[in-house]
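*Asks:* sequence-free structure coming up:
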């Protein structure tokens, strides 16, 4: 609770003079650890999904003073949980979660985005829990090559100095390709370092 209050204080004490101002032609990169957890809708405690860690990279290209094209790549494990006739199975796999969408800046430090995503599984899935007999397990989407869906995200910049910034990104990923009775949606949060790679005004000054 204390950490949440601290983050809120940082967020609402931020002013335009200390935050990033989007401008057409600017290009930013954000990198940092990402934490995710599958949204579990069942009631069996043994299947509760763990919080897991990975790494995320987000690229932003400002289209104008209020909007940016966003591309994200997240390397992270993901848990899929399936309920079939009161029998549960939980499996985990490594994924590359790739997003493409548009970010709208509400203020200079607060923005929201909507993206389409495709996620690709890597390696052999790990069985976390199963009510099925050995050899009779149902396969979750952990065994699928690709998963598709949409990301809705809220991002805040809590510190800014020159080309550098610290951001907090919270997002909800909704799968449109789940199997029957499967929990495949997840929440994730990223705390990252933002760096201004390209600044349009600076390029124009150098040309002149």
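*Replies:* Okay, I see it. Model, not experiment: these values are computed from the prediction. Numbering: from 1, shown residues only.

*Asks:* tally of neighbours for residue 36?
*Replies:* 25 (other CB atoms under 10 Å). All C-beta atoms are positioned from the backbone trio N, CA, C, and that covers glycine.

*Asks:* I'd assumed residue 190 was in contact with it.
*Replies:* No - at 9.3 Å, residue 36 does not count as touching residue 190 under the criterion of CB atoms under 8 Å.

*Asks:* what comes up buried for stretch 57-73?
*Replies:* Residues of stretch 57-73 classed as buried: 57-62, 67-68, 70, 72 (neighbour count, 16 or more other CB atoms under 10 Å).

*Asks:* And stretch 128-137, by the same measure?
*Replies:* Buried, per 16+ other CB under 10 Å, within stretch 128-137: 128, 130-131, 137.

*Asks:* which one is residue 178 nearest to, not counting chain neighbours?
*Replies:* For residue 178, ignoring the flanking residues on the chain, the nearest one in space by CB to CB, 6 or more residues apart in numbering is residue 184 at 4.0 Å.

*Asks:* Oh, that last question was meant for residue 188, not what I typed.
*Replies:* Nearest to residue 188 is residue 36, by CB to CB, 6+ apart, at 3.9 Å.

*Asks:* Next: residue 129.
*Replies:* Spatial nearest neighbour of residue 129, chain neighbours left out: residue 90 (4.3 Å); criterion: CB to CB, 6+ apart.

*Asks:* same thing with residue 150?
*Replies:* residue 174 (5.4 Å).

*Asks:* Just the helices from this structure, written as ranges.
*Replies:* 2-13, 200-207 (DSSP state H).

*Asks:* Could you identify which of those helices has the lowest mean pLDDT?
*Replies:* If the helices of the chain are sorted by mean pLDDT, helix 2-13 sits at the bottom with a mean of 47.
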